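Chemist: sequence and predicted structure below; questions after.
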Amino acid sequence: MQSSIQSHSRGPLVVAASVSTLGGLLFGYDNVVISGAIGYLSRLYQLDAAGTGWAAGCALIGCIAGCAMAGTVADRLGKKKGLALCAVCFALSSVGMLFAASLHQFVVWRLIGGLGIGAASVTAPNYIAEIAPTRVRGRCVTLYQLGIVVGILAAVFVNMLIQRMGDEAWNTSIGWRWMFFAGILPALLFGGMILPAVESPRWLMKMGYRQQAVRVLTEINGPDMAVYQAAEIESSLAAEEGHIAELFTTFRRPLLLGIMLAGLQQISGITPLFSFLPEIFRSAGTASSDAFFQSVLVSLINLSFTLAALWLVDRAGRKTLILAGTTVQFISLAMVGYFYHVHGSGLAVLIFVMSFVAGHAFGNGVACWVIISEIYPNKVRGRGMSIATTALWLVGYLGNQLFPTMQRNLGLDGTFWCFSAGALLTILLVGGLVPETKGRSLEEITKFWTAQRK
């Protein structure tokens, strides 16, 4: 059977994984490109701390709306059409930013881009989780996170290149626009890649397209495994009502765990850190051009440790990675706060910011997405992920909105100590409440939850 699987799986699975990865790349790029622009925007529009937080965080309001709608759209229209709508939002936002004539127009286009980010953060990992074979599902979902960190790296690298193309006045009036517009290229590639991709067999089965579902399962897993999986999916769907109320009764525990995990992924400050990364290094005494270069170094660390997680997630397990990575984050954030407190060197701040990002990359940054793509039943997986991911973006938005105010009132030392406390809370809650999902099929995980209710 192994040879059968290999002969049938590569093409459709590679295309599906590429779609998911590109969705992550656009998510990472569009979410972090603001880091290069925020300083210039603040000067252009003379923003105070609250206004700077709003300019940095307004896209996350769109993310929250995108999350809230994505599950219903994906459950009704299918994962492919849902992802195609994300591509449209990304492309429109990239073009619109080039011509934004006021702060209000900037906010509108960022909100549209945010809709794409939020919807992609639900639909892309959901899509690949429903297609990938059990034995490689963790690695395939991790490719989505890999796409995010490649997008982050692309954003900070493009920001650095554009920032060096002109002086301060040019960047303040024009340069930041090109930082956003560069996102049009991956948006078009993403849209083109969706066309040849297969639809989720679990969505097809749920909608009554059994023949098409079996065809997709056969293409990916081979004919023998396809028959077994089709029967398992049908049995699981028959045991589910498919009403959202089911998430608040039979599957209340995975719903709450998903919300908790998503919120905890953000509570240690990963979103505001990347959104204000050059500004954080400037506050440590680093020159502007060097701050942009250090942002690239941090993103390279992010990429390197995400690649390590790609290898580890189906071996070490999801929970183990979260606990190990968050422990590194807890220590690193405490040390960043300490070096700001004693006015230590910018190099020390850079080193511990790097170790914090490394802990996120091989821990919660990967494992959170894998777990919340696995723990919900087939009929309401999209809506379950929508609810959990909405919590992620809500906490991320609060981080961006409050970061300038926290910096002003608590100092950067107190701000990073608060984030360190969030990492410690994550260790305690995940260690005590989250089960391991490594090695279980999606249907086996659903049976685990129903058994817990008996």
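Modeler: It's in. Numbers count the residues shown, from 1 in each chain.
Chemist: from here on, contacts and neighbour counts on C-alpha atoms
Modeler: OK.
Chemist: now do the contacts for Val150.
Modeler: Val150 is in contact with 25, 28, 303, counting by Cα atoms under 8 Å, 6 or more residues apart in numbering.
Chemist: same thing but at 7 Å, please
Modeler: 25, 303 (Cα atoms under 7 Å, 6 or more residues apart in numbering).
Chemist: and the pLDDT at Arg315?
Modeler: Arg315 carries a pLDDT value of 79.
Chemist: can you tell me how far it is from Gly96?
Modeler: Arg315 is 44 Å from Gly96, where distance means Cα to Cα, to the nearest Å.
Chemist: in terms of neighbours, single out the busier of these two.
Modeler: Gly96 (21 against 14; other Cα atoms under 10 Å).
Chemist: is it true that the more buried one touches Val108?
Modeler: No: using Cα atoms under 7 Å, Gly96 is not in contact with Val108, being 9.0 Å away.
Chemist: mutual contacts of those two, please.
Modeler: With Cα under 7 Å, 6+ apart as the test, Gly96 and Val108 reach no residue in common.
Chemist: and Leu256, what element?
Modeler: Element membership for Leu256, per DSSP states H and E: helix 252-267.
Chemist: got the contact list for that helix?
Modeler: By Cα under 7 Å, 6+ apart, the list of residues contacting helix 252-267 reads 247, 364-365, 368, 372, 375-376, 384, 387-389, 391-392, 395-396, 419, 422, 426.
Chemist: let's see it at 6 Å
Modeler: 364, 372, 388, 391-392, 395-396, 422, 426 (Cα atoms under 6 Å, 6 or more residues apart in numbering).
Chemist: and what of stretch 287-302?
Modeler: By Cα under 6 Å, 6+ apart, stretch 287-302 touches 153, 156-157, 160, 278, 281, 354, 357-358, 361.
Chemist: let's see it at 7 Å
Modeler: By Cα under 7 Å, 6+ apart, stretch 287-302 touches 149, 152-153, 156-157, 160, 277-278, 281-282, 354, 357-358, 361.
Chemist: so how far is Leu398 from Ala423?
Modeler: Where Leu398 is concerned, Ala423 sits at a distance of 16 Å (Cα to Cα).
Chemist: counting neighbours, go ahead and name the busier of these two.
Modeler: Ala423 (27 against 20).
Chemist: got the contact list for that one?
Modeler: By Cα under 7 Å, 6+ apart, the neighbours of Ala423 are 268, 326, 329-330.
Chemist: can we see that at 10 Å?
Modeler: Taking Cα atoms under 10 Å, 6 or more residues apart in numbering, we find Ala423 in contact with 264-269, 323, 325-331, 333-334, 417.
Chemist: with Val328 instead?
Modeler: So Val328 contacts 352, 355-360, 363, 423 (Cα under 10 Å, 6+ apart).
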